[in-house]
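Undergrad: Make a model of this:
(one chain, ligands or ions: 1)
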Amino acid sequence: MPDQSRLTDPEFLRHSVLDFRQMSTFVQAPLIFERADGVHYWDIHGKHYYDGISGIFVVTVGHNNRRVIEAIRAQMERICFAAPLHGTNVPAIEFCDLLARIAPGDLNTVKLLSGGSEATEAAMKLARQYWKQAGVPTKYKFVSRYYGYHGATLGAMAATGTPRRRIPFEPLPAGYIHIPTVHCYRCPYGLEYPGCHTFCARYLEQIIALEGPDTVAAVIVEPIGNTGGILTPTPEYLPTLRRICDQFNVLLIFDEMITGMGRTGRMFAAETFGVTPDILCLGKGLSSGYAPLAATIWTDRIQEAFWGAEEAGIEFGHGHTYAGNPVAAAAGMASVSEIIERDLPGRAVEMGTILQARLEAMAQRSGVFGEVRGKGLLWGVELAQDPGAKIAFPPHLRIGKRIGGEAQKRGLIIRHDPDWFALAPPLVVTEEELDAMCTILEESIQAVLARI
Ligand SMILES: Cc1ncc(COP(=O)(O)O)c(C=O)c1O
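TA: The predicted structure is shown next:
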């Protein structure tokens, strides 16, 4: 390893740019990971951290999984690259077959890709091309939700509904409509569940009718929204979206970057909530982070519009150099096999129940948890100065960010925003490790509250 003082020298580090980070701050106290195992990280100084967020909702099978590493190593000895323009390769075919078998309903056609933004872009391009080839070429619009996040490229960003991620890049591509999300603790319509009869989902009916059903190609949503604080739908929400999409002949796209691969207690949130989309986007936990890997999966009905004679020119007009990369596919195959054979979705339920109980107990003691919400091993806490009255902390306190920073100092990495934080450890986490994480979290909350 290069010498530590060089690695942490701001002059040396200034050539790097991290995701969504102010680098002038980062270089003052850089976090430089050196190795990892299970739910543990160590930085270059040897300091230990618990990984409370699976990298960033990625490392489903835990760090340093030998099966995945050996599968990658073995694949690298055979072939590392094959151009998807010319042919496919053994692990890519096997992995597509595995995904088609485990994906719900007739989601049987798989396009392998390298990252989440590629998967959502591909889904939206697929939807537009589908309608052109299915005889309704006027269908081009996408409906997505405020607070939704679908990626960093321009199309995915246009579907994204988080102002600070969108506004710097406007004007974004046309044809994207946003509706408020499901957020029972702070209902955008001022309604109360269940008396609202999930109006936030039913509202889609009006939007599609007003936009013109013949202009709307698809609705794209994360089954559980990350941004905004693990926004978890009511049981009726996703079935209602499905019903409305069917009513207007609009495709439903699930962006399961975070909720897929066992995270919510079933392999896909589609199964957790009993709703099958027309297009399913996967990434992050698909390879558990051992190689860049994502997938867009669609139904037989959609695939029929792309299957025909060569001269018809109806093949899906989309591709990337690394699509179906053999090393990434081998990583995905090994990671998904681990998830299935070790029943990690079942573990997500078991450990998630424990984590939920710990967070709810912490809510009582801290007095600043507005809502604890989530499913499986995906949990978010919305912070509030007065939880009963739903009064938020003054924004300048950036309370969630401070809790996240304090936790990092004390050796726990979580996802944090000004008014919420999230925990989603690898699905292999043990009860003892969860307890250790919760102890650090609670101490961090107390330390921050003592200072405001
Ligand atoms: C729900 C969702 N969709 C899409 C993406 C984009 O994935 P990537 O960063 O791999 O491009 C993310 C990334 O955080 C995500 O959380």
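Undergrad: As a check, name the ranges of all strands in the stretch 301-450 of the chain.
TA: 369-375, 378-383, 412-413, 415-417, 420-423 (DSSP state E, counting those that start in this stretch).
Undergrad: Looking at those strands, spot the one closest to the ligand.
TA: Closest approach to the ligand among the strands of the stretch 301-450 of the chain is made by strand 415-417 (10.0 Å; Cβ to the nearest ligand atom). To be clear about C-beta, it is placed using only N, CA and C from the backbone, and glycine gets the same treatment.
Undergrad: Show me which residues of the stretch 151-300 of the chain sit near the ligand.
TA: For the stretch 151-300 of the chain, the contact set with the ligand under Cβ under 6 Å from any ligand atom comprises 151-152, 222, 226, 255, 257-258, 283.
Undergrad: For ChimeraX, write the select line for the buried members of the residues you listed.
TA: A single ChimeraX command is used to select the members of these judged buried by 16 or more other Cβ atoms under 10 Å:
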select :151,222,226,255,257,258,283
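Undergrad: quick one: which of the residues of the stretch 151-300 of the chain next to the ligand sit in strands?
TA: The strands, defined by DSSP state E, take in residue 255 from those.
Undergrad: can you redo the residues of the stretch 151-300 of the chain next to the ligand as JSON lines with pLDDT and distance to residue 424?
TA: Output for those, formatted as JSON lines (pLDDT from 0 to 100; distance: Cβ to Cβ, whole Å):
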{"residue": "151", "pLDDT": "97", "distance to residue 424": "19"}
{"residue": "152", "pLDDT": "97", "distance to residue 424": "20"}
{"residue": "222", "pLDDT": "98", "distance to residue 424": "13"}
{"residue": "226", "pLDDT": "96", "distance to residue 424": "9"}
{"residue": "255", "pLDDT": "98", "distance to residue 424": "16"}
{"residue": "257", "pLDDT": "98", "distance to residue 424": "12"}
{"residue": "258", "pLDDT": "98", "distance to residue 424": "8"}
{"residue": "283", "pLDDT": "98", "distance to residue 424": "15"}
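Undergrad: distance of the residue nearest to residue 373 when sequence neighbours are not counted from the ligand?
TA: If the residues on either side of it in the chain are set aside, residue 373 comes closest to residue 232, at 4.5 Å by Cβ to Cβ, 6 or more residues apart in numbering. Plainly put, residue 232 is 14 Å away from the ligand if you go by Cβ to the nearest ligand atom, to the nearest Å.
Undergrad: and residue 232, what is it in contact with?
TA: For residue 232, the contact set (Cβ atoms under 8 Å, 6 or more residues apart in numbering) comprises 182, 224, 373-375, 380.
Undergrad: repeat that with 6 Å
TA: 224, 373-374 (Cβ atoms under 6 Å, 6 or more residues apart in numbering).
Undergrad: How many residues are close by residue 391?
TA: Per other Cβ atoms under 10 Å, the neighbour tally for residue 391 reads 11.
Undergrad: what do you get for residue 318?
TA: Counted with other Cβ under 10 Å, the neighbours of residue 318 add up to 15.
Undergrad: export the helix or strand containing residue 271 as PDB, just CAs?
TA: According to DSSP states H and E, residue 271 maps onto helix 269-272. Extracted C-alpha coordinates of helix 269-272, given in PDB (Å, rounded to 0.1, in the frame of the first residue of the first chain):
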ATOM      1  CA  ALA A 269     -40.400  -6.200  -3.600                       C
ATOM      2  CA  ALA A 270     -42.700  -7.100  -6.500                       C
ATOM      3  CA  GLU A 271     -43.300 -10.400  -4.500                       C
ATOM      4  CA  THR A 272     -43.400  -8.700  -1.100                       C
END
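Undergrad: Phi first, then psi, for residue 49.
TA: The phi/psi pair for residue 49 (degrees, to the nearest 10) reads phi -130, psi 140.
Undergrad: Make sure it is actually in contact with residue 41.
TA: Yes: with contact defined as Cβ atoms under 6 Å, residue 49 reaches residue 41; the gap is 4.4 Å.
Undergrad: Same list, the strands of the stretch 301-450 of the chain, but as JSON lines with mean neighbour count and distance to residue 430 please.
TA: Shown next, in JSON lines, are the strands of the stretch 301-450 of the chain (neighbours: other Cβ atoms under 10 Å; distance: least, Cβ to Cβ, whole Å):
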{"stretch": "strand 369-375", "mean neighbour count": "22", "distance to residue 430": "19"}
{"stretch": "strand 378-383", "mean neighbour count": "26", "distance to residue 430": "17"}
{"stretch": "strand 412-413", "mean neighbour count": "24", "distance to residue 430": "15"}
{"stretch": "strand 415-417", "mean neighbour count": "22", "distance to residue 430": "21"}
{"stretch": "strand 420-423", "mean neighbour count": "27", "distance to residue 430": "15"}
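Undergrad: now for those, which one comes closest to residue 76?
TA: Smallest distance to residue 76 across the strands of the stretch 301-450 of the chain (Cβ to Cβ): 29.1 Å, for strand 412-413.
Undergrad: How many neighbouring residues does the residue nearest to residue 372 when sequence neighbours are not counted have?
TA: Spatial nearest neighbour of residue 372, chain neighbours left out: residue 359 (4.7 Å); criterion: Cβ to Cβ, 6+ apart. Applying other Cβ under 10 Å, we find 21 residues neighbouring residue 359.
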